[in-house]
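Undergrad: All I have is the shape, not the residue letters:
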């Protein structure tokens, strides 16, 4: 009897092996699953813990969760889990909650959940990352199932904006599974439901049928971490991702020339500054600070280094999309002659030596911008070196309040002047420049809920800063995204939080 | 033999304490974890609480003492950024790096030894010229660039392979080739030299004189004797592969421990950095131990030292 095994000759075995090998390596053209939206992000946190203050963490949280107040892509506030809110006194706000909202586990959302979340965050021992955004909240009072009163320690005009960074957690669920359980498998009222979490690799979600604002058209959402910019672009062009964030400027042309993807950019709320140490000469002299503002050709840098993305700051730290922006100001024009004259007047006709401290990779083209600025300052006689330090060193210099003569920093406003202007107050511990009037106006603007009074104060503060020039006002940095052609109902967000509930693939 | 193994094993804890000490010192000297972890919107109460939790109010040596004590108990602390056990985070990623490194090591062994033997056997002929030339070129080529080039050709132009990420086996091909490229050239050159040197030995001449076939001489007489330097070299390369994995994992979005470490270093996430370096050190030390013991088995001269 012939053995079945001897019938299989070695040659045929080899042949089938080769065939198998080819079969497994044959290209599969479509990598993405049907109707799934893949977003390539630069960084993912290593945990789904609620309340981590980085944008990358918040971007994950807000896919599954909804705050009381939502921010849109331009930074405007709109109803989230609260449909209406009003200040019912200097220190009390009334929030009317949305009815018939369900969590992913089917349980209804109520006022209990709001109080539970805010109490958890404001507990004295909580290390919740965005706690400071609502630090002035004193207590939350439940009126009925769909109404809460939020009491603040004083007038707190940025309460609603602060609340837009606070996703509401399900009380029943967190109490059942504990904090660890919530982190391992978040449940919320957001457009997407938790599916799978692979640290450092991907966060997969599925559309939530019962989302209060309608089921998202994308059945599945995958946020993939792709740290290297050129790989993100490659993934976009290969069709593996439909949206990629932080598109490197130097790769912009290759995306523009492709037939399946495009570049979308938006002004963020980051105002990029070169801030002076005004406590030491020569920058204790306003004329020197102004001179250096005139010496930088901002429009040229924007065009060449940022490829025209973003905007030139209008002689103030706030970007034009921020509440408090002063439209009457404009940027210091490029005028090396005037710069030289001002330096002469201040007794620095022969120039001087100085340095710029910066980090690398913190902001778009940060080191390149510093280098070009240094060269431009050199042209008016200010010999400038660029000192690139690592994040840990930068933090150490920050706490020692010794950043060198000039340092590069970008301040986020997230849409409200309060969040950005605070960094030039004495209390922030970060400012070198001091102005009594500025301090007074800052407190004034913070302690009223009257929008017009606040606006007036911020306008004056911006004018003051413009004149005093504690910094060289550079750019409103852009957020640059790449997106597949055919993707609709999605816009690049100004605050790095991706709103994907409506995004549709063509 | 047993004595030899025991003597080798005794050096392990000492190496680990030194590794821990160096990492701890470097991280504490270059930045305050409170500054980075809590970010700019921190409140003073949060700062005090964290300082207390991390024993940051004690002298550095005492902090290190606390630390060693915890490590002995197997507690590597919680990640400052993610508030999860540091070791859990590291172990998640270590497996992914392991997958990549084992594949890369296998690729480099096959390519390196095969290439080295061919180059030695055909010394000064076309094959040698091509292989040695490629090895030198490969050694001088930045792997960062090689990785991006591979993505461009095989993912973007040919559409054969995915650009990055994890999934089926095809995701492993480009990263492991890129990582292997770190060590293949060295493997080739060292194998070539070692084989060439062994060829000069008198017992090889004797074997040839006896009339043995070329292949028999190569496989029975030359290779076993040429293997020693190659095996010890292998141990050294594991360390280099760890370094290379950082770059490779970044380019190919591979969720490995190398990338985790870099991120954690920038964020001054001391527990994760120490847990990661600790695990990598264990792997490197274990591989080298294995190499030494293997060598002692195959070469009596070593264990008799």
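TA: Everything's here; your move. In this text the structure is predicted, and so the values were computed from the model without any measurement.

Undergrad: list the buried ones in stretch A:267-283?
TA: Going by neighbour count (16 or more other Cβ atoms under 10 Å in any protein chain shown), the buried part of stretch A:267-283 is A:267-278, A:282-283. Quick note: C-beta positions are derived from backbone N, CA and C, even for glycine.

Undergrad: ah, wrong one, I meant stretch A:301-320
TA: Buried, per 16+ other Cβ under 10 Å, within stretch A:301-320: A:301-302, A:305-307, A:309-319.

Undergrad: Out of the buried residues of stretch A:267-283, which sit inside strands?
TA: Of the buried residues of stretch A:267-283, the ones assigned to strands by DSSP state E are A:267-276.

Undergrad: Specify the local secondary structure of the closest residue to residue A:476 other than its chain neighbours.
TA: Nearest non-adjacent residue to residue A:476, counting by Cβ to Cβ, 6 or more residues apart in numbering or on different chains: residue A:319, 3.7 Å away. Taking DSSP: H, G, I helix; E, B strand; the rest coil as the rule, one finds residue A:319 in the coil state.

Undergrad: Low-confidence ranges, the chain, go.
TA: Picking chain A for this. Residue ranges of chain A with pLDDT under 70: A:1-34.

Undergrad: let's do chain B instead
TA: Residues of chain B that meet the cut-off, pLDDT under 70, sit at B:30-33, B:35-42, B:303-305.

Undergrad: Per the annotation, how does it divide into domains?
TA: B:15-72, B:86-298 (automatic domain parsing).

Undergrad: Tell me which residue of the stretch 151-300 of chain A lies closest to chain B.
TA: Nearest residue of the stretch 151-300 of chain A to chain B: residue A:200, at 3.3 Å (Cβ to the nearest Cβ).

Undergrad: Which parts of the stretch 1-150 of chain A are strands?
TA: Ranges of strands within the stretch 1-150 of chain A are A:36-41, A:69-71, A:77-79, A:82-87, A:92-97, A:137-144, A:147-152, based on DSSP state E, counting those that start in this stretch.

Undergrad: The stretch 1-150 of chain B: helices as residue ranges?
TA: Counting by DSSP state H, counting those that start in this stretch, the stretch 1-150 of chain B has helices at residues B:2-30, B:33-38, B:44-53, B:60-72, B:86-121, B:126-140, B:143-150.

Undergrad: Which elements pack onto the fifth one?
TA: Read that as helix B:86-121. helix B:126-140, helix B:170-180, helix B:184-199, helix B:223-251, helix B:257-266, helix B:270-298 (3 or more Cβ pairs under 8 Å, 6 or more residues apart in numbering or on different chains; DSSP states H and E).

Undergrad: Likewise for the third one?
TA: Contacting helix B:44-53 under the criterion 3+ Cβ pairs under 8 Å, 6+ apart are the following elements: helix B:33-38.

Undergrad: Residue numbers of the stretch 101-250 of chain B in contact with chain A?
TA: Proximity of the stretch 101-250 of chain B to chain A, by Cβ under 8 Å from any Cβ of the partner chain, involves residues B:148, B:151-152, B:155-156, B:158-166, B:169-170, B:250.

Undergrad: Just the buried subset of the residues you listed, written out for ChimeraX, thanks.
TA: Here is the ChimeraX command that selects the buried residues among these (16+ other Cβ under 10 Å):
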select /B:148,151,155,156,161,162,163,164,165,166,170,250
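
Undergrad: Helices - which of the residues of the stretch 101-250 of chain B next to chain A land there?
TA: If you go by DSSP state H, these have B:148, B:170, B:250 in helices.

Undergrad: Looking at those, spot the one nearest residue B:215.
TA: Nearest to residue B:215 out of these is residue B:170 (Cβ to Cβ; 35.8 Å).

Undergrad: show me what contacts the nearest residue to the closest one once chain neighbours are set aside?
TA: Residue nearest to residue B:170 in three dimensions, not counting chain neighbours: residue B:161, with 5.4 Å by Cβ to Cβ, 6+ apart. With contact set as Cβ atoms under 8 Å, 6 or more residues apart in numbering or on different chains, residue B:161 has these partners: A:27, B:154-155, B:170-171, B:173-174.

Undergrad: Which of those ranks first by neighbour count?
TA: The most crowded member of these, judged by other Cβ atoms under 10 Å in any protein chain shown, is residue B:174 (25 neighbours).

Undergrad: rewinding a little: mind putting the contacts of residue B:161 into a markdown table with distance to residue A:244?
TA: Listed next are the contacts of residue B:161 as a markdown table, based on distance: Cβ to Cβ, whole Å:
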| residue | distance to residue A:244 |
| --- | --- |
| A:27 | 22 |
| B:154 | 20 |
| B:155 | 15 |
| B:170 | 21 |
| B:171 | 18 |
| B:173 | 23 |
| B:174 | 19 |
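
Undergrad: need the helices for the stretch 251-400 of chain A, in chain order.
TA: With DSSP H, counting those that start in this stretch as the criterion, the stretch 251-400 of chain A has helices spanning A:252-257, A:286-295, A:298-304, A:336-345, A:366-379, A:391-399.

Undergrad: roughly how far apart are the residue in the stretch 301-450 of chain A that chain B sits nearest to and residue A:331?
TA: Taking Cβ to the nearest Cβ as the measure, the stretch 301-450 of chain A has residue A:392 as its residue closest to chain B, at 2.8 Å. Distance, residue A:392 to residue A:331, using Cβ to Cβ, to the nearest Å: 33 Å.

Undergrad: Tell me who's in contact with the nearest residue to residue A:108 once chain neighbours are set aside.
TA: Using Cβ to Cβ, 6+ apart and skipping the chain neighbours, the partner closest in space to residue A:108 is residue A:102 (5.9 Å). By Cβ under 8 Å, 6+ apart, residue A:102 lies in contact with A:108-109, A:189, A:210, A:212.

Undergrad: any chance of those residues in a markdown table, plus distance to residue B:119 and neighbour count?
TA: Shown next, in a markdown table, are those (distance: Cβ to Cβ, whole Å; neighbours: other Cβ atoms under 10 Å in any protein chain shown):
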| residue | distance to residue B:119 | neighbour count |
| --- | --- | --- |
| A:108 | 73 | 15 |
| A:109 | 70 | 24 |
| A:189 | 65 | 27 |
| A:210 | 66 | 13 |
| A:212 | 68 | 17 |
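
Undergrad: show me what contacts residue 201?
TA: Using chain A here. Contacts for residue A:201 were tallied using Cβ under 8 Å, 6+ apart; they are A:44, A:224-225, B:96, B:165-166, B:253, B:255.

Undergrad: oops, I was thinking of chain B
TA: Shown in contact with residue B:201 (Cβ under 8 Å, 6+ apart): residue B:225.

Undergrad: Show me what counts as buried in stretch A:191-199.
TA: Buried residues in stretch A:191-199 (16+ other Cβ under 10 Å): A:191-194, A:197-199.

Undergrad: roughly how far is stretch A:151-159 from the heart of the chain?
TA: Here stretch A:151-159 is found 24 Å from its chain centre; the criterion is Cα atoms, centre = their mean, to the nearest Å.

Undergrad: Would you check that residue A:491 makes contact with residue A:243?
TA: No: counting by Cβ atoms under 8 Å, residue A:491 stays clear of residue A:243, with 10.7 Å between them.

Undergrad: Over in the stretch 201-305 of chain B, which residue gets nearest chain A? Let me know.
TA: Using Cβ to the nearest Cβ, the single residue of the stretch 201-305 of chain B nearest to chain A is residue B:255, 3.3 Å away.

Undergrad: quick one, what contacts that residue?
TA: Counting by Cβ under 8 Å, 6+ apart, residue B:255 touches A:198-201, A:225, B:93, B:96, B:166, B:249.

Undergrad: Which single one of the residues you listed is nearest to residue B:205?
TA: residue B:249 (48.3 Å).

Undergrad: burial count for the closest one?
TA: So residue B:249, with other Cβ under 10 Å, has 29 neighbours.

Undergrad: Who are the contact partners of residue 144?
TA: This is for chain A. residue A:111.

Undergrad: not what I meant, chain B
TA: Residue B:144 touches B:247, B:251, counting by Cβ under 8 Å, 6+ apart.

Undergrad: Could you do residue A:115 as well?
TA: A:140-142, A:148.
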